[in-house]
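Engineer: need coordinates for the below:
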Amino acid sequence: MPEPIRLAFVGIDHPHGAHWRATLENLRDRATITAIVPGYGGGLTSLEERFVEVPRFATVDEAIARGDFEAAVVCLPNNEGPAALVKLIDAGKHVLSEKPAGATAADIDAVWEAHKRRPVAFQNGYMWRYDVGANRLREMVAEGRFGKLSSVEMSFVTSDVRRRGPDHYLFDPIISGSGFLNWLGCHYLDLLPYVTGQRIVGVTARLGVFGATPTQVEDGGTVILDLSGGGLATFTGGYWLPRWAGESGWAIRGTERWVHWHPTRPQTSGVLEIHGPQPQWHAMEETFTIAVDNTSGYGGMRGVRLVADWLDAIRSGAACRNTPESTRTTLALLDAAYESSRTARRVECDLG
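Structural biologist: Residues are numbered from 1 along each chain as shown. Reported below is the predicted structural model:
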């Protein structure tokens, strides 16, 4: 394997494309872009000048046939991503896919089967699995510091549909399949079983268009999730803020402590407000602040850790924290939420 590893970048004008390329700059001694498949109708609006002489290919097939690369970062819409991933995997190329990688779990079945045939290094863009605060919570749960988990409340609200405009492909059901839950809600729904170590055994959801801008896909909603340990999790989120902005947070409650996690608090990389019992004279009250992260690129240091894990996996053969199985599981969880909302009933499942 050469050093640095040679990459194809597929999907230049993806909403996160430039951010992924900025992340790769932090690892340029380990990975370099040597092939480009623009995608998006050949769009190069966001192409950085430093890449203008990198060989370009009209299709993934052409890149595989004529390009010089061992691995690929794939940033394509849901209706194109799975087929591209299958072709790359079958060609023996290691792949890092933007999340969610497809519209439904069925979309990923072919990717999963291709990976079974050719077990290359697979990674996807669920970078919250690499967040310091998220992993602190995971360790607390695993060590039993919460006692029995009673509830997990998650929220993620961001800019409304008007910011991009209802004609953007993210709101096109033919291209994207669905809306907010698939594009953004997926982050925390993916993170829930990772943090809690529990499976999801039931889903009840109410999704729809609650804002003022009509759109063909949901702009948000609420999902109730039954945890295998007997607790309850909820997620509420949507495109509901009237400017470019976002707010999010978790509250995790157990029989022995409860924690409020503020993952995007300004001037930090997250804050954990920890509350617990009063075994002696003083109740447990602690605020744990994670130092601000000024790393450039998508997700800052989270993104760097994610890409570094993938590059390590290319060389070692180990699995990343995101796998084809976990990718499919998250989409299956979204499928259950959409089915529940559509049928107005609880959907039983066993996912995690």
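Engineer: who are the contact partners of the residue at minimal distance from the centre of the chain?
Structural biologist: Centroid-nearest residue in the chain: residue 126, 2.7 Å away (criterion: C-alpha atoms, centre = their mean). Listed by C-beta atoms under 8 Å, 6 or more residues apart in numbering, the contact set of residue 126 reads 99, 186-187, 190-191, 322, 326-327, 330. To be clear about C-beta, it is placed using only N, CA and C from the backbone, and glycine gets the same treatment.
Engineer: now, the residues you listed that are in helices?
Structural biologist: 186-187, 190-191, 326-327, 330 (DSSP state H).
Engineer: closest one to residue 155 out of these, please.
Structural biologist: Closest to residue 155 out of the ones in helices among the contacts of residue 126 is residue 187 (11.9 Å), distances taken as C-beta to C-beta.
Engineer: tell me the domain ranges of this structure?
Structural biologist: 5-127+302-322, 128-295+331-351 (automatic domain parsing).
Engineer: most tightly packed of those domains?
Structural biologist: domain 5-127+302-322 (a mean of 19; mean count of other C-beta atoms under 10 Å).
Engineer: what about that one, distance to the chain center?
Structural biologist: Centroid separation between domain 5-127+302-322 and its chain, computed with C-alpha atoms, centre = their mean, to the nearest Å, is 14 Å.
Engineer: give me the mean pLDDT for that domain.
Structural biologist: For domain 5-127+302-322, mean pLDDT is 97.
Engineer: try stretch 131-147
Structural biologist: 98.
Engineer: ok, residue 325 - contacts?
Structural biologist: Contacts of residue 325 (C-beta under 8 Å, 6+ apart): residue 112.
Engineer: how far away is it from residue 136?
Structural biologist: 25 Å (C-beta to C-beta, to the nearest Å).
Engineer: wait, residue 213 sits on residue 166?
Structural biologist: Yes. Assessed by C-beta atoms under 8 Å, residue 213 is found in contact with residue 166 at 5.7 Å.
Engineer: residues contacting the host helix or strand of residue 123, please?
Structural biologist: Under the criterion of DSSP states H and E, residue 123 resides in strand 122-124. By C-beta under 8 Å, 6+ apart, the surrounding residues in contact with strand 122-124 are 89, 94-101, 115, 306-307, 309-310, 313, 319-320, 322-324, 327.
Engineer: what does the pLDDT read for the residue nearest to the residue nearest to the centre of the chain when sequence neighbours are not counted?
Structural biologist: Distance criterion C-beta to C-beta, 6 or more residues apart in numbering; nearest residue to residue 126, sequence neighbours excluded, is residue 190 at 4.7 Å. If you check residue 190, the pLDDT there is 98.
Engineer: tell me how far residue 190 lies from residue 113.
Structural biologist: In terms of C-beta to C-beta, residue 190 sits 21 Å off from residue 113.
Engineer: show me where the stretch 201-350 of the chain has its helices.
Structural biologist: With DSSP state H, counting those that start in this stretch, the ranges of helices along the stretch 201-350 of the chain come out as 301-316, 324-343.
Engineer: can I get these in CSV with distance to residue 206?
Structural biologist: Listed next are those as CSV, based on distance: least, C-beta to C-beta, whole Å:
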stretch, distance to residue 206
helix 301-316, 30
helix 324-343, 6
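Engineer: and residue 9, which of those is closest to it?
Structural biologist: Nearest of these (C-beta to C-beta): helix 301-316, 12.3 Å.
Engineer: surely residue 350 touches residue 199?
Structural biologist: Yes. The pair residue 350 / residue 199 is scored as a contact, 5.9 Å apart, by C-beta under 8 Å.
Engineer: common neighbours of these two, please.
Structural biologist: residue 228.
Engineer: got a pLDDT number for residue 283?
Structural biologist: 83.
Engineer: OK, contacts around it?
Structural biologist: 275-277.
Engineer: which of those residues lies closest to residue 77?
Structural biologist: residue 275 (42.5 Å).
Engineer: tell me what the closest one is bridged to.
Structural biologist: residue 258, residue 285 (DSSP bridges).
Engineer: hey, C-alpha coordinates of stretch 337-346 in PDB?
Structural biologist: C-alpha atoms of stretch 337-346 as PDB (Å, rounded to 0.1, in the frame of the first residue of the first chain):
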ATOM      1  CA  ALA A 337     -40.000   5.400  11.900                       C
ATOM      2  CA  TYR A 338     -41.400   6.200   8.500                       C
ATOM      3  CA  GLU A 339     -43.600   3.100   8.600                       C
ATOM      4  CA  SER A 340     -44.900   4.000  12.000                       C
ATOM      5  CA  SER A 341     -45.700   7.600  11.000                       C
ATOM      6  CA  ARG A 342     -47.400   6.300   7.800                       C
ATOM      7  CA  THR A 343     -49.500   3.700   9.500                       C
ATOM      8  CA  ALA A 344     -50.000   5.600  12.800                       C
ATOM      9  CA  ARG A 345     -49.000   2.600  14.900                       C
ATOM     10  CA  ARG A 346     -46.000   1.300  16.900                       C
END
